[in-house]
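*Asks:* I need the structure of the sequence given here:
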Amino acid sequence: MLGSASALYPQRDRLKLLLGEHLKQILPSSMLDQGGDRDIFKDPEAPELLTIPGVLEPDDFLPFDWRFDPDTYYQKHPRVPGQYDQDYQAFDLGSTQGEALNSLLELTKARNIPVVFVNLPLTAEYLDPVRREYEQKFRQHMESLTAPREFIFRDLTLLWDGGQYEYFSDPSHLNRYGAAAVSEHLANDPMIPWHVLKEN
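*Replies:* Just a heads-up that it's a prediction; the model follows:
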């Protein structure tokens, strides 16, 4: 969502743990020494992470295999209702978030760069009534901007009608299988003029 600086930020400790587990399998232990001068886990710009074969897939997705299972997930993680979700606390489409989007669209239009904005799928477990209301407001706002701003908005929130849990690593984040399925869906989307994008 546009309303959050990073959807992963509240789960940064989990991501750090998952990334650490993956890196331990492919890196020499000397690179993972936390006692050295530099901790690559604390430096998001660490170039080592970007040049290690196997850390990122060729399409830039982290290759995690975890699949969301509500029966087991909530035994280890709390179920957070939408009214307490920090990702939506700063949700305000008319403030600096809207200004940032307008600035981006003005820049891309001035440089003749086509923009396709994709709202990614979510699970039914995540989309409680509060989050559905926020998503509806977001969808309406984005659709109101598409004609005057000349960009394409594709809302995939309910692509799988809130199901297909095997495509998610948790209630709101795609895993590698979901990322591949979304990529395939977008590649076949008749509303996206791929021939024009390729020419540019």
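*Asks:* what stretches of this structure score poorly on pLDDT?
*Replies:* 1-64, 197-200 (pLDDT under 70).
*Asks:* what do you get if the cut-off is 80, keeping everything else the same?
*Replies:* 1-65, 89-95, 147-150, 162, 196-200 (pLDDT under 80).
*Asks:* which residues does the lengthiest helix in the chain contact?
*Replies:* Longest helix in the chain by number of residues (criterion: DSSP state H): helix 129-149. Helix 129-149 has contacts (C-beta atoms under 8 Å, 6 or more residues apart in numbering) with 1-3, 81-83, 85, 88, 91, 93, 101-102, 105, 109, 117, 119, 122, 127, 151-153, 155, 157. Placement of C-beta: from N, CA and C, glycine included.
*Asks:* now, those residues that are in strands?
*Replies:* Members of the contacts of helix 129-149 lying in strands (criterion: DSSP state E): F117, N119, I152, F153, D155.
*Asks:* closest to D69 out of the residues you listed?
*Replies:* N119 (24.3 Å; C-beta to C-beta).
*Asks:* how many other residues sit next to the closest one?
*Replies:* Number of residues near N119 (other C-beta atoms under 10 Å) recorded here: 18.
*Asks:* quick check: bridge partners of it?
*Replies:* D155 (DSSP bridges).
*Asks:* what about it, distance to N175?
*Replies:* Remark: distance between N119 and N175 (C-beta to C-beta, to the nearest Å) = 18 Å.
*Asks:* emit the PyMOL select command for whichever of the contacts of helix 129-149 are buried.
*Replies:* Per 16 or more other C-beta atoms under 10 Å, the buried members of those correspond to this PyMOL selection:
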select buried, resi 1+3+82+85+88+91+93+101+105+117+119+122+127+151+153+155+157
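*Asks:* the chain: helices as residue ranges?
*Replies:* 12-26, 47-51, 70-76, 96-110, 129-149, 176-187, 194-199.
*Asks:* most tightly surrounded among those helices?
*Replies:* helix 176-187 (a mean of 16; mean count of other C-beta atoms under 10 Å).
*Asks:* I'd like to know which elements that helix is packed against.
*Replies:* Here helix 176-187 touches strand 116-119, going by 3 or more C-beta pairs under 8 Å, 6 or more residues apart in numbering; DSSP states H and E.
*Asks:* other SSEs contacting the strand it packs on?
*Replies:* Judged by 3+ C-beta pairs under 8 Å, 6+ apart, the packing partners of strand 116-119 are helix 129-149, strand 152-155, helix 176-187.
*Asks:* turn the ones you listed into a markdown table, including distance to H77.
*Replies:* Output for the helices and strands packed on strand 116-119, formatted as a markdown table (distance: least, C-beta to C-beta, whole Å):
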| stretch | distance to H77 |
| --- | --- |
| helix 129-149 | 16 |
| strand 152-155 | 27 |
| helix 176-187 | 18 |
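*Asks:* those: which one's closest to G162?
*Replies:* Of all the helices and strands packed on strand 116-119, helix 129-149 comes closest under C-beta to C-beta, at 9.8 Å.
*Asks:* the closest one vs helix 96-110, what angle?
*Replies:* 30 degrees (axes from the mean of the first three to the mean of the last three C-alpha atoms, to 10 degrees).
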